[in-house]
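>>> Kindly generate the corresponding structure for this input.
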Amino acid sequence: MGDPVAESKRLVAAATRKGLTIRVLGGVAVCLQAPPEGPLLPRTCGDIDVATPRGHRRETIEMFQEAGYVSDEMFNAVHGARRLLFYDDVNARKLDVFVGEFSMCHAIPITDRLDRDPLTVPLAELVLTKLQIVELTERDQRDIYNLSYHHPLGDGSVSRIEADYIAELCAKDWGLWRTSKATIEKCLANLGDYSLPPDAERTIAESLQALLKRIEAAPKSTRWRIRSRVGDRMRWYDQPEENAVSN
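Got it, this is the predicted structure:
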């Protein structure tokens, strides 16, 4: 399918029929989590990103091939324990499969709770995949605003962003805390650039401020405290290209 949102739904259904679990992340997931009229700040979506648990590599590759995708055999042979790569030549689209965890600037345990939503990774994990970006793009910033606007903070409900879960992960990892805090502060500083209705801007600002407050208040682990003593003197994140696809 040409529409990546509709195509993602097709792929999730195809995996389910095979007894496999995949869930969508990235910009497509933000669109899937938006109301029927679409997200507050629309953006185009191109490639598809999904997550799947470890342990079903062969079956996962076969499923995507049956769905019409071409496997990057060399990449998958080398990196298949953590990531798989496929191409949709008809629509000039890339399909990136994160196996077990999401690892870019920081590692997020993205497949621990895939049963919480029928289509996407849980909202907390989806937010974290955006907060962990050191060099935030305009599209990623839009995604954070959309998620903050359409989904209030809460605990337990699949329609709410679990702030305590995000805070818990940040409290274990100083680097993730450092980047997430900086990303939230940048989003708050740039919010006025979007000429949003006052109510929408206020909702987003209050949500991001509340999330930052929860992150700051969470009791920090011993590992976090030890790493915090080093601070910015040592790089606290991976370069995305270190975890990126290489053809």
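>>> Model confidence for the residue lying closest to D117 once chain neighbours are set aside, exactly?
Of all residues not flanking D117 in the chain, V158 sits nearest, at 5.4 Å (C-beta to C-beta, 6 or more residues apart in numbering). Placement of C-beta: from N, CA and C, glycine included. V158 carries a pLDDT score of 77 in this model.
>>> Would you check that my belief about V158 contacting L123 is correct?
Yes. At 7.3 Å, V158 and L123 qualify as touching, with contact defined as C-beta atoms under 8 Å.
>>> For the protein, just list every one of the strands.
23-25, 48-52, 70-71, 83-88, 93-99, 102-103, 107-108, 153-154, 161-162 (DSSP state E).
>>> what about the helices in the protein?
Using DSSP state H, the helices of the chain run over residues 4-17, 26-32, 57-66, 73-79, 123-131, 138-150, 163-172, 174-190, 198-217, 222-230, 240-243.
>>> who does the fourth one touch, helix- and strand-wise?
Using 3 or more C-beta pairs under 8 Å, 6 or more residues apart in numbering; DSSP states H and E as the contact definition, the elements that helix 73-79 packs against are strand 83-88.
>>> Neighbouring strands - and their directions - for the strand it packs on?
strand 70-71 (antiparallel), strand 93-99 (antiparallel) (DSSP bridges).
>>> Show me what that strand is in contact with.
7, 57, 60-61, 64-65, 68-72, 75-76, 79, 93-99, 245 (C-beta atoms under 8 Å, 6 or more residues apart in numbering).
>>> likewise stretch 137-149?
Counting by C-beta under 8 Å, 6+ apart, 27, 30, 33-34, 39-41, 43, 123, 126-127, 130-131, 133, 161, 183, 186-187, 190-191, 194, 200, 203-204, 207-208, 211 sit against stretch 137-149.
>>> can you list the weak-confidence ranges in this structure?
The model of the chain has pLDDT under 70 over residues 1, 241-247.
>>> rewinding a little: got a quick PyMOL command for the buried subset of the contacts of stretch 137-149?
A single PyMOL command selects the buried members of these (16 or more other C-beta atoms under 10 Å):
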select buried, resi 27+30+33+34+39+40+41+123+126+127+130+131+133+161+183+187+191+200+203+204+207+208+211
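>>> about what we covered before: wait, which of the strands of the chain is closest to Q239?
Nearest of the strands of the chain to Q239, taken as C-beta to C-beta: strand 102-103 at 11.8 Å.
>>> any idea how far C170 is from the closest residue to E162 other than its chain neighbours?
Closest residue to E162 apart from its sequence neighbours, by C-beta to C-beta, 6+ apart: A124 at 4.1 Å. As judged by C-beta to C-beta, to the nearest Å, A124 and C170 stand 11 Å apart.
>>> Now the common contact residues for those two.
What both A124 and C170 touch, as defined by C-beta under 8 Å, 6+ apart, is an empty set.
>>> M63 - how many residues pack around it?
M63 sits with 20 neighbouring residues when counted by other C-beta atoms under 10 Å.
>>> Now do the contacts for it.
Residues near M63 by C-beta under 8 Å, 6+ apart: A14, A15, K18, L20.
>>> now do W177
Counted by C-beta under 8 Å, 6+ apart, W177 has contacts C170, A171, I215, K220, W224.
>>> Next, work out how far apart the closest residue in space to the first one that isn't next to it in sequence and E135 are.
Spelled out, that is C170. Closest residue in space to C170, ignoring its immediate chain neighbours: W177 at 4.0 Å, by C-beta to C-beta, 6+ apart. Distance from W177 to E135, counting by C-beta to C-beta: 18 Å.
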